[in-house]
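Colleague: What follows is a predicted protein model with its sequence.
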Amino acid sequence: MKDANFLKERNARHLWHPMAHPADMQANPPDIIVGGEGVEITDVDGHRTVDAVGGLWNVNLGYSCAPVKEAIARQLDRLPYYSIFRGTTNDNVIVLAEMLKAFFAPDGMERAFYTSGGSDSVEVALRLARQYHKLRGEAGRVKYLSLKKGYHGTHTLGASVNGNANFRTQYEPLMPGCFHVPAPYPYRNPFNETDPERLAGLVLAAIEDEIRFQDPSTIATFIMEPVLGAGGVIPPHESFMPGVRELCTKYGLLLIADEVITAFGRTGDWSGSRHWGVQPDLMTTAKAITNGYFPFGAVMISGGVAEVFESDGSGKGAIGSGYTYSGHPVGAAAAIATLKETERLNVKDNAAARGDQLFAGLRALQEKYAVIGDVRGGHGLMLALELVSDRAAKAPIDKKTIGTVQRATYEAGAMIRVSGNNIILSPPLVLSEADAATILGALDAGFAAVS
Ligand code: PMP
C-alpha cells in the first residue's frame, strides 16, 4: 500500500467527500481507514480504535461477521445480479420479506419493497403515501409534515422534509407543501420547556394545530424518526410517538416511521416503532439491514395500505418507483445472513445494556467537564453529547475545540462522530462491556485535552 502522505495528497486532489466542504477536506485530510476487525478499525498508519460510530450507524454486528461475508461470496458465485422488475424475482428477496415481516417489523407490516439505501427508501415511502391517497379518492392530500432536526436523506423529497437547514438552503427551491414542527428537544425548544413529558404534549399540540391550519384534507403524511438520529440523537418522551400515531389516525394522515437508523436492534428493540409500541403505516429501513456490507434498503407497508393498492382495478395502483438495484440478489443474501445473526445473537438486549453503561458513563463525564452541556441516550446504542462554551447560555462550542476533542479521543482509542456541536455515538451492537469502557476512557482523554 502507498504511504499515508501520498494517499492523503491524492485524496485531496481527486475527490470530494459527502457532507464536507472540499476545501476543508484538503486542509484537514480525512483518516484513511484500511482495516476492520471485530468492533475495531485500523487506519493507514496502523492506529487501531474502537469504532464508536459503527461505520455510519450500520455495522451493527462489527467488521468480522463471517456469515454475512460468506453469504455475499456464495451469492456472487450463484447469481451476481438479476432485476426484480415485473416479470422476474429471486429466491432471496422472498425469504427476506418473510423474515422482515415475521421478526423485525412492527406488527401489521405486511409487504416489503426493496431499495438501494435510506434516501431511496424515504423517497419511495413519500411517493407511496401520495399514491395511496389518490387511490382512495383524496387526491388533494399531497403535503408532508415532519420534525425540525429530522434527517431523511438527501433526495429531493427527503431533503424537503429534512429539518436541518444545512441540507436545504443551498438546494432551494425544494418540494412545495412541506411543513416542519419543532422537535421534542428538551435542551433547546421554542417553548422553553425542559420536562420531556410536558414538552411532548406541547409539540403534539403544535402538530395538531399545524394539521388544522393546513387543513387535514391537504396532508398526505407525517414522517418521523422514532429517535431523531443525525439531528443529534434526540429521544422523545415515550408518549410522543404514540401521540403522533393518534393524530395521524384522527386526521387521516399516513404515519411514516423512518427507521433507517433505528431498525434491527439499535434502540434496544427490533425497531424504534416497536420500542414505542406504535404501528406505522409505512416504515423505511436500510443501513444495518446488511450490516453495512452491501447497499440495500426496504420499505415495509402495512396491511391497510397494501389493501388499497392491491384492490385497485384501475391500473393506478401500479408502483411507479424502483431502482436497478431494488432487491439485488447479493444484497438480499447479505440481509438474510445479517438478520439471522442479529436474531441469533439477540443484539437488541446487548444494545440496551451497553447503551445504559455508556449513558451512565457519559453522565459521569458531564460532572467532570463543563463543556458537556447535554447528555442524551437511554434508548440503546444511540447517544450524544452536546458541547457548549457556557453552560448557562448554552452557547454551542466552536468547531476548533470540538475538533480537538475528536482528535484526542481518536488518539486515545475511539473513533467518534462530530455533527455540529454534538458528539454522536452509535457503536456496533455487539460491543462488549470492555469496549464500552474503552470508548468512555478515550472520551475522558479527549475532554482532558481541552480542559
Ligand atoms: N433516514 C434516516 C433516518 C437516516 O439516518 C439516513 C442516513 N443517515 C437516511 C434516511 C438516508 O440514508 P442513506 O444515507 O442510506 O441514503
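Modeller: Ah, there it is. Just so you know, these numbers come straight off a predicted model, no measurement behind them.
Colleague: contacts, neighbours, all on C-alpha from now
Modeller: OK.
Colleague: Following the chain past the helix ranked longest in the chain, name the next helix or strand.
Modeller: Scanning the chain for the helix with the most residues, using DSSP state H, yields helix 347-368. Downstream of helix 347-368, the next assigned helix or strand under DSSP states H and E is strand 372-376.
Colleague: packing partners for the helix or strand that contains residue 69?
Modeller: According to DSSP H and E, residue 69 maps onto helix 66-78. In terms of contacts (3 or more C-alpha pairs under 8 Å, 6 or more residues apart in numbering; DSSP states H and E), helix 66-78 is packed against helix 329-344.
Colleague: Do any residues in the helix it packs on lie close to the ligand?
Modeller: No: judged by C-alpha under 6 Å from any ligand atom, helix 329-344 makes no contact with the ligand; its nearest approach is 13.6 Å.
Colleague: May I see the buried residues of that helix?
Modeller: 329-339, 341-342 (16 or more other C-alpha atoms under 10 Å).
Colleague: okay but residue 380 is in contact with residue 353, surely?
Modeller: Yes: the pair residue 380 / residue 353 is scored as a contact, 7.3 Å apart, by C-alpha atoms under 8 Å.
Colleague: of the two, who's got more company?
Modeller: More crowded of residue 380 and residue 353, by other C-alpha atoms under 10 Å: residue 380, with 26 against 21.
Colleague: What sits closest to the residue in the stretch 201-350 of the chain positioned nearest to the ligand if chain neighbours are left out?
Modeller: Proximity of the stretch 201-350 of the chain to the ligand (C-alpha to the nearest ligand atom) peaks at residue 260, 4.7 Å away. Nearest residue to residue 260, sequence neighbours excluded (C-alpha to C-alpha, 6 or more residues apart in numbering): residue 285, at 4.2 Å.
Colleague: Might you enumerate the residues of the stretch 101-250 of the chain proximal to the ligand?
Modeller: 117, 118, 119, 151, 152, 153, 225, 229, 230.
Colleague: Which per-residue confidence value corresponds to the residue nearest the centre of the chain?
Modeller: Closest residue to the average C-alpha location of the chain: residue 261 at 2.7 Å, with C-alpha atoms, centre = their mean. Per-residue pLDDT puts residue 261 at 98.
Colleague: Without its sequence neighbours, what residue ends up closest to it?
Modeller: With sequence-adjacent residues excluded and distances taken as C-alpha to C-alpha, 6+ apart, residue 261 is closest to residue 57, at 6.3 Å.
Colleague: list the contacts for the one you found?
Modeller: Contacts for residue 57 (C-alpha atoms under 8 Å, 6 or more residues apart in numbering) come out as 261, 287, 288, 426, 427, 428.
Colleague: follow-up on the earlier one: for the longest helix of the chain, packing partners?
Modeller: strand 372-376, strand 383-390, helix 433-448.
Colleague: Reformat these as TSV; add mean neighbour count.
Modeller: TSV is the format used below for the helices and strands packed on helix 347-368 (neighbours: other C-alpha atoms under 10 Å):
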stretch	mean neighbour count
strand 372-376	21
strand 383-390	22
helix 433-448	20
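Colleague: Those: which one's closest to residue 404?
Modeller: Each of the helices and strands packed on helix 347-368 was scored for nearness to residue 404 using C-alpha to C-alpha, and the closest is helix 433-448 (7.5 Å).
Colleague: Settle this for me: residue 201 is touching residue 240, isn't it.
Modeller: Yes: between residue 201 and residue 240 there is a contact at 7.5 Å, judged by C-alpha under 8 Å.
Colleague: more crowded one of the two?
Modeller: Counted by other C-alpha under 10 Å, residue 201 and residue 240 do not tie: residue 240 has more neighbours, with 22 against 16.
Colleague: That one and residue 232: what is the separation?
Modeller: 17 Å (C-alpha to C-alpha, to the nearest Å).
Colleague: Poorly predicted segments of the stretch 151-300 of the chain, please.
Modeller: By pLDDT under 70, the stretch 151-300 of the chain has no low-scoring segment.
Colleague: Which parts of it are helices?
Modeller: In the stretch 151-300 of the chain, the helices defined using DSSP state H, counting those that start in this stretch lie at 156-161, 196-214, 240-251, 272-275.
Colleague: So which bits of the second one are buried?
Modeller: Taking 16+ other C-alpha under 10 Å as the basis for neighbour counts, the residues of helix 196-214 that come out buried are 196, 197, 199, 200, 201, 202, 203, 204, 207, 208, 210, 211.
Colleague: In contact with the residue of the stretch 201-350 of the chain closest to the ligand, which residues are there?
Modeller: 118, 284, 285, 286, 287.
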